[in-house]
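Just need the structure, nothing else, for what follows:
(one chain, ligands or ions: 1)
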Amino acid sequence: MKQIDVDVAIVGAGTAGLTARRAARAAGARPLMVDAGPLGTTCARVGCMPSKLLIAAATVAHQARAADIFGLRATVEVDGPRVLERVQRERDRFVGFVLRSIDEARAAGEMIDGRARFAGPETLVVDDHTEVHAKAFVLAAGTRPVTPPPFRGLGDRLLCNETVFELTDLPRSLLVVGAGVIGLELGQAFRRLGADVTVVDLLETVGPLRDPRCVDSARGAFADELSIHLGYQLQRIERVGDAVVCAFRDGDGASHERHFDYVLMAAGRVPDVGQLQLDRTGFPLDERGVPRCDPLTMQVGESPLFLAGDITGDRPVLHEAADEGRIAGRNAARFPQVSPGERRCPLAIVFTEPQLAVVGLPAADFDGALHAAGEVDYGDQGRARVMNENRGLVRVYGERGSGRLLGAEMVGPRVEHTAHLLAWAIQRRLTVTEALALPFYHPVVEEGIRTALRDLRRRLG
Ligand SMILES: Cc1cc2nc3c(=O)[nH]c(=O)nc-3n(C[C@H](O)[C@H](O)[C@H](O)COP(=O)(O)OP(=O)(O)OC[C@H]3O[C@@H](n4cnc5c(N)ncnc54)[C@H](O)[C@@H]3O)c2cc1C
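Prediction:
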């Protein structure tokens, strides 16, 4: 077996792993990435980018259909193969950029292909060809979709984010299992492209929202378009010929039996640690089979093992994976001199319509004795109404006493932008009064945020 000695061995050449490599190099270390493939990152290959490409097509179709309200006539004919062909072509372009940087790493002797497993706390074995010894390790192995057992016999009728963008035509009907971020984004996009879509979830939540008033607002908005059943109970799922038959009871106890072309599994993601043999590192593993790390240093205990990206189970979004890779790569290179990195105000966005966002303080941590909430309903907000996008509710949270802005849950138009404004204000530790002293143009959807902030200021006294 080939033996390689490096300073920092990185498992995974996804967003976190690639950033860790750059940071380790910048800190003067010799890094080595190991990836089992397929290469190209979850984001570019099967995540952020193809999903947004599909949503872009769906949005155009939806807007054309809704043109009538403005006195315009448009007919929409969806050409499924061409829609998907553009998704794949543009996706491949994004993947191409990533593959180029991986090729550069390979040429520099800093990338090997193969599945890594731990043989001991300081040794990785890659497939059966290479043994890697390193002074420190960055584990950036990402996550994979979960498929609950009843759905496992559906063969090629079962889709997930790894396979759905490979379709060559749009499904006529789709059961989406999971009303989380992925299920909602893709479910609504396929609906707008003409599929008959049913979304089911065991929980009563919608996307990342936890504030009951925001959940209600989002649920109402999506129910206008999608057949959405929260708190459902699966009774039967089976493949019959080329169709899938699903019988379930909805949250109100009513029974349904429906036929679908495909099932899209979006019921959560778990760390991809099956073959990593993390038990050989000697660290206690959590219920997901992964050791816990310090979110500021990304270090596991006092050890030379660092985590980065979705595998941490914390903040599974791209910019956080990159930040974590940067912190982990630098600290692994300098080990045992480890220092905390800077973390950003938490921000998660869902690219549905209405868009959803969660910023800063999680609604689950809201405590009426310490915090107050202000809100705005977008139903009558001026600019939103002008654009026929007047749906949604935004709730902003502040701290009693200090008057500081702490967080928000958002359902509404152009939330991808307004959520950034709030995240920036929160990270700069602005009080609600300071945020209100900043400019708000007219007529813009940001004026709705001002209404919510004024309401919050009143409630904070
Ligand atoms: C459908 C979808 C839509 C998304 N949309 C957004 C969005 O709009 N905005 C956003 O911010 N985030 C989005 N995300 C999340 C974002 O894509 C992830 O947070 C990010 O890609 C995680 O990067 P990572 O480096 O942790 O993992 P990955 O990019 O998955 O990299 C992990 C790598 O590890 C490798 N690997 C695993 N095990 C081993 C092993 N034993 N040996 C060798 N290699 C191994 C894998 O092959 C893989 O290349 C989306 C995700 C999905 C699935």
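
can we go C-alpha only for contacts and neighbour counts from here?
OK.

Grab the nearest non-local neighbour of G114.
Using CA to CA, 6 or more residues apart in numbering and skipping residues adjacent in sequence, the residue nearest G114 is A36, 4.3 Å away.

mind checking pLDDT for that neighbour?
Listed pLDDT for A36 reads 97.

quick one, phi psi at I4?
Phi and psi for I4, reported as degrees, to the nearest 10, are phi -130, psi 130.

Quickly note the distance from it to H129.
Per CA to CA, to the nearest Å, I4 is found 11 Å from H129.

what's the answer for R428, then?
50 Å.

What of E434?
Distance check for E434 against H129: by CA to CA, it reads 60 Å.

Pick out whichever of those two has more residues nearby.
Neighbour count, other CA atoms under 10 Å: between E434 and H129, E434 has more, with 13 against 10.

after the helix or strand harbouring the more buried one, next one along is what?
Secondary structure from DSSP states H and E places E434 in helix 432-436. Toward the C-terminal end, the helix or strand that comes next after helix 432-436 (DSSP H and E) is helix 446-460.

Quick one: mean pLDDT for that next one?
Throughout helix 446-460, pLDDT has a mean value of 98.

Buried residues, that helix. List them.
446-457, 460 (16 or more other CA atoms under 10 Å).

Quick one: residues contacting the most centrally placed residue in the chain.
Relative to the mean C-alpha position of the chain, the nearest C-alpha, by CA atoms, centre = their mean, is the one of V317, at 4.8 Å. Contact partners of V317, counting by CA atoms under 8 Å, 6 or more residues apart in numbering, are D310, A348.

give me that answer again for 10 Å
Counting by CA atoms under 10 Å, 6 or more residues apart in numbering, V317 touches C43, C48, G309, D310, P346, L347, A348, I349.

can you pull the pLDDT of it?
pLDDT at V317 comes out at 98.

got it, and D272?
At D272, the model reports a pLDDT of 84.

ditto for A364
Taking A364 on its own, its pLDDT is 89.

so how far is R210 from it?
6 Å.

list residues touching both of the two?
Common contact partners of A364 and R210 (CA under 10 Å, 6+ apart): none.

Between those two, which is the more surrounded one?
R210 (18 against 9).

Please name the residues that touch the more buried one.
E204, D216, V358, P362, A363, A364, D365, E409.

Contact partners for the first one?
Counting by CA under 10 Å, 6+ apart, E204 makes contact with A179, R210, P212, V215, D216, R219, H229, L230, G231, Y232, G251.

Determine the three-state secondary structure at it.
With DSSP: H, G, I helix; E, B strand; the rest coil as the basis, the three-state label of E204 is coil.

likewise the third one?
Under the three-state scheme (three-state DSSP), the conformation of V358 reads as strand.

Can you get me a residue count around it?
Using other CA under 10 Å, V358 has 27 neighbouring residues.

what is the closest residue in space to it that isn't next to it in sequence paired to in the beta sheet?
Leaving aside its sequence neighbours, V358 sits nearest to E409 (CA to CA, 6+ apart; 4.7 Å). Judged by DSSP bridges, the bridge partners of E409 are V358, R395.

Distance check, E409 against T352.
Look at E409 and T352: by CA to CA, they are 15 Å apart.

Tell me the confidence at F70?
F70 is assigned a predicted lDDT (pLDDT) of 98.

What segments of the stretch 251-400 of the chain are strands?
Shown for the stretch 251-400 of the chain, the strands assigned by DSSP state E, counting those that start in this stretch span residues 255-260, 262-265, 269-271, 305-307, 347-350, 355-360, 371-377, 393-399.

near the ligand, which residues of the stretch 201-350 of the chain?
Residues of the stretch 201-350 of the chain found near the ligand (CA under 6 Å from any ligand atom) are D272, Q275, L276, G309, D310, I311, P316, V317, L318, H319, A321.

which two in those residues are spaced the farthest apart?
Spanning the widest gap among these are Q275 and H319, at 26.7 Å by CA to CA.

Quick one, which of the contacts of E204 are buried?
Buried subset of the contacts of E204 (neighbour count, 16+ other CA under 10 Å): A179, R210, V215, D216, R219, H229, L230, G231, Y232, G251.

between these, which is nearest E342?
Distance to E342, by CA to CA, is smallest for R210 among the buried ones among the contacts of E204, at 26.2 Å.

Correct me if wrong, but the closest one is in a helix.
No - assignment of R210 by three-state DSSP gives coil, placing it outside any helix.

and the gap between F165 and D92?
Distance of F165 to D92, computed by CA to CA: 11 Å.

what's the closest non-adjacent residue to I228?
V199 is the one closest to I228 (CA to CA, 6+ apart), at 4.6 Å.

Name the strands paired with the strand or helix carrying the one you found and say parallel or antiparallel.
Assigned by DSSP H and E, V199 belongs to strand 196-201. In the sheet, strand 196-201 lines up against strand 173-177 (parallel), strand 227-230 (parallel) (DSSP bridges).
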